[in-house]
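Asks: got a predicted structure here, sequence first:
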Amino acid sequence: MTVSKNNRIDRRRFLLGASGAALALPMLEAFAPRAAFGAVTPPPKRLVVVVHRHGRVAGNGRNGQDNWSPRTTTGALPATGNLSPMLAALGAIRNEIVTVDGIDNLVRHSTGNGDGHHSGSRTFLTCMRPKSDGTGGGPSIDFVAGQRLRASASQRSALVFPGSPLGYEWQYDAPGFYGLNGSPPALTNSNPRTALNDVFGPPVAPTAPPVKTLQSRLIGRRASILDAVASQYEGLHNQVGVTDRQRLDQHASFIRTLETRFGNVPPPVSAAACVRPLEAQIPTYSEAQISRGRLDGQVTPSQIENLVMSLACDLTRVASLHFQLGYDPVFSSEFTGTSPFDGGNNHHAIIHSTPSLSDPSQPDLTQAFGYQAKMFTRLVTRLSQIIEVDGSRMLDNTLVVWVSDMGYGSSHFDFNIPVVLAGLKSAFPAGQGRHVVCAPRLSLGDLYAQVLRMLGGTDQTFGATGTLGALAAGAALNAGYGFSGSYVTNTLPLHLGTIPL
């Protein structure tokens, strides 16, 4: 075959193009390297923990008094309409989630403490009995996962983002997250603007582009392998069949990836869409404006953006969003005009007065819950919009776990902790868009052990192990809190099985 001088790739172009003539051909099995030196680094796995207070808020779980659960049996979530009154805002992401019934906080019953809030809040993320001073008895699930997933010892194990702005940071009074040995968590500032600078550092002023050196000018002139053989490639593409066209297209993509990999700098492990959030988009406010969570609907989205980008930029691989206000928030974003929880009305007290779904305040509590459900939907949606360096969605590499400090806040019951799981599709063999009823019942320790397995571990337990009686160490079991009969006993195992996901 005679090659025209005008179409020939000369020696200089051949060398600058890294043997372009050979690489322009589809890869044959005999040419494949023994190791994938040019492969894109796969994105890391990540975990996001979302926490709200008071569990299912309205109803007590007895005799059908529950408007959180989408179904009473395991099966597909409703294809249209609301999933449930409490989870109405999750309809937009129904195919990304799995809701779970039948998860209990068993460790809470070993504390010997009759206060539902104190014992529940200090055990629901650690599954450990609190210390004698009332602080956490061990690290919470976010910290444990963060220690394993982080890229190096210098990377933050886990960050906790308060969901509501506070006038003073000491007002953060919602325990649950703990570090090593029950130490305080890595808590970011409740003001998204301050948190932004704490996590990402101050903004960097733009600088003038550097003067090009001879080397950079030569690199800029370097011809692309694909560009050098573009006309020949296109001609061949038009002459072959569909299967060969697909093979040529795949190979062209492969070559372009190689050029990108070796052309400048190695791609980061972080997501391709890593961008420092814009401070100008964070609302400014005064302490008076944010009292009782009045601006939560406007401010929480900025914290969500801080959280998502802290993961996208690989500043941490585990982050939590904590809806920490539980005593008297007004949920202004969910009501037109004056909120029914404003003035002298108290959200916490109203929850206690609503053990039945027929109680007058049930519709208001359900509507107020919409704020947390909407923010969860926003978080999951935002994670789905971030594209990783390998082309996948960040949501597909991130497990999102939404839990609460109790099951039914109206009666301080600690059974049926509300659980919503999202993201990391590969970890759900039966798929998403489902509701799962655990039968027999399982514990939070079972849930978090399974979370660690979903993230790549081999854990069969999390937190305290053995039986409830052994953990109580002689203290009287708090056998009430929703359970009837003889379920809560000294011989009850703290780990009971796996969730059929």
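Replies: Thanks, I have it.

Asks: next one, pLDDT for residue 482 please.
Replies: Looking at residue 482, its pLDDT stands at 76.

Asks: actually residue 241, not the one I wrote
Replies: 69.

Asks: how about residue 114?
Replies: 73.

Asks: residues contacting it?
Replies: residue 478 (Cβ atoms under 8 Å, 6 or more residues apart in numbering). Backbone N, C-alpha and C define where each C-beta goes, glycine included.

Asks: where does it fall, phi/psi-wise?
Replies: With angles defined as degrees, to the nearest 10, residue 114 sits at phi -80, psi -10.

Asks: what of residue 493?
Replies: Dihedral angles (degrees, to the nearest 10) for residue 493: phi -70, psi 150.

Asks: list the contacts of the closest residue to it other than its chain neighbours.
Replies: With sequence-adjacent residues excluded and distances taken as Cβ to Cβ, 6 or more residues apart in numbering, residue 493 is closest to residue 467, at 5.8 Å. Counting by Cβ under 8 Å, 6+ apart, residue 467 touches 490-494.

Asks: please redo it, this time with the cut-off set to 10 Å
Replies: Residues in contact with residue 467 (Cβ atoms under 10 Å, 6 or more residues apart in numbering) are 106, 110, 489-495.

Asks: next: residue 182.
Replies: 122, 126, 128, 130-131, 133, 135-140, 143, 175.

Asks: how close does the residue lying closest to residue 500 once chain neighbours are set aside get to residue 192?
Replies: Nearest non-adjacent residue to residue 500, counting by Cβ to Cβ, 6+ apart: residue 436, 6.1 Å away. To residue 192, residue 436 is 34 Å away according to Cβ to Cβ, to the nearest Å.

Asks: so these two - more neighbours on which side?
Replies: residue 192 (25 against 22; other Cβ atoms under 10 Å).

Asks: picking up where we left off before, neighbour-wise, which of the contacts of residue 467 leads?
Replies: residue 106 leads these on contacts (other Cβ under 10 Å) with 30 neighbours.

Asks: can you list the weak-confidence ranges in this structure?
Replies: 1-40, 214-238, 240-272 (pLDDT under 70).

Asks: just the strands in it please.
Replies: 46-52, 75-76, 97-104, 159-162, 318-322, 398-404, 419-423, 434-443 (DSSP state E).

Asks: sorry, back to before: reformat the contacts of residue 467 as TSV; add distance to residue 432.
Replies: Formatted as TSV, the contacts of residue 467 follow (distance: Cβ to Cβ, whole Å):
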residue	distance to residue 432
106	27
110	34
489	35
490	38
491	36
492	31
493	29
494	28
495	25
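
Asks: which among these gets closest to residue 371?
Replies: Among those, residue 106 lies closest to residue 371 (Cβ to Cβ), at 29.8 Å.

Asks: surely that closest one touches residue 414?
Replies: Yes. The criterion here is Cβ atoms under 10 Å, and residue 106 meets it with residue 414 at 8.2 Å.

Asks: touching both of the two, which residues are there?
Replies: 123, 444, 483, 488.

Asks: what helices or strands is the lengthiest helix in the chain leaning on?
Replies: Longest helix of the chain, by residue count under DSSP state H: helix 362-385. Packing contacts for helix 362-385, counted by 3 or more Cβ pairs under 10 Å, 6 or more residues apart in numbering; DSSP states H and E, involve strand 46-52, strand 97-104, helix 296-312, strand 318-322, helix 347-352, strand 398-404, strand 419-423.

Asks: give the pairing partners of the first one; include direction for each.
Replies: Read it as strand 46-52. Sheet pairing here is set by DSSP bridges, and for strand 46-52 it gives strand 318-322 (parallel), strand 398-404 (parallel).

Asks: turn these into TSV, including distance to residue 419.
Replies: TSV is the format used below for those (distance: least, Cβ to Cβ, whole Å):
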stretch	distance to residue 419
strand 318-322	15
strand 398-404	6
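
Asks: so which of those strands is nearest residue 420?
Replies: strand 398-404 (4.1 Å).

Asks: what's the offset of the closest one from the middle of its chain?
Replies: 6 Å (Cα atoms, centre = their mean, to the nearest Å).

Asks: which parts of that strand are buried?
Replies: 398-404 (16 or more other Cβ atoms under 10 Å).

Asks: follow-up on the earlier one: now the angle from the longest helix of the chain to strand 318-322?
Replies: Taking axes from the mean of the first three to the mean of the last three Cα atoms, to 10 degrees, helix 362-385 and strand 318-322 form an angle of 160 degrees between their directions.

Asks: how about helix 362-385 as PDB, C-alpha atoms only?
Replies: Included here for helix 362-385 are C-alpha records, laid out as PDB according to Å, rounded to 0.1, in the frame of the first residue of the first chain:
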ATOM      1  CA  GLN A 362     -51.600  15.800  64.100                       C
ATOM      2  CA  PRO A 363     -52.100  17.600  60.800                       C
ATOM      3  CA  ASP A 364     -49.800  20.500  61.900                       C
ATOM      4  CA  LEU A 365     -47.100  18.100  63.100                       C
ATOM      5  CA  THR A 366     -47.200  16.200  59.900                       C
ATOM      6  CA  GLN A 367     -47.000  19.400  57.900                       C
ATOM      7  CA  ALA A 368     -44.100  20.700  60.000                       C
ATOM      8  CA  PHE A 369     -42.200  17.400  59.300                       C
ATOM      9  CA  GLY A 370     -42.300  18.400  55.700                       C
ATOM     10  CA  TYR A 371     -39.300  20.700  56.200                       C
ATOM     11  CA  GLN A 372     -37.000  17.800  57.200                       C
ATOM     12  CA  ALA A 373     -38.400  15.600  54.400                       C
ATOM     13  CA  LYS A 374     -37.900  18.400  51.900                       C
ATOM     14  CA  MET A 375     -34.300  19.000  53.000                       C
ATOM     15  CA  PHE A 376     -33.500  15.200  52.800                       C
ATOM     16  CA  THR A 377     -34.900  15.200  49.300                       C
ATOM     17  CA  ARG A 378     -32.800  18.200  48.400                       C
ATOM     18  CA  LEU A 379     -29.700  16.500  49.800                       C
ATOM     19  CA  VAL A 380     -30.200  13.300  47.800                       C
ATOM     20  CA  THR A 381     -31.000  15.300  44.700                       C
ATOM     21  CA  ARG A 382     -27.900  17.400  45.000                       C
ATOM     22  CA  LEU A 383     -25.700  14.300  45.500                       C
ATOM     23  CA  SER A 384     -27.200  12.900  42.300                       C
ATOM     24  CA  GLN A 385     -26.200  16.000  40.400                       C
END
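
Asks: of the strands paired with strand 46-52, which is nearest residue 310?
Replies: Per Cβ to Cβ, nearest to residue 310 of the strands paired with strand 46-52: strand 318-322, 5.7 Å.

Asks: tilt between that closest one and helix 296-312?
Replies: Angle, strand 318-322 to helix 296-312, by the same axes, to 10 degrees: 170 degrees.

Asks: related to what we said a few turns ago, relative to residue 197, which of the contacts of residue 182 is nearest.
Replies: When those are compared against residue 197 (criterion: Cβ to Cβ), the nearest one is residue 143, at 23.5 Å.

Asks: got the contact list for the closest one?
Replies: 49, 125-126, 136, 157-158, 160, 177-180, 182-183, 185-186, 318, 320.

Asks: how about 8 Å then?
Replies: 157-158, 177-180, 185, 318.

Asks: which one (most neighbours) among these?
Replies: residue 318 (31 neighbours).

Asks: out of the shared contacts of residue 106 and residue 414, who's nearest residue 418?
Replies: Looking across these and measuring by Cβ to Cβ, the closest to residue 418 is residue 444, at 11.8 Å.
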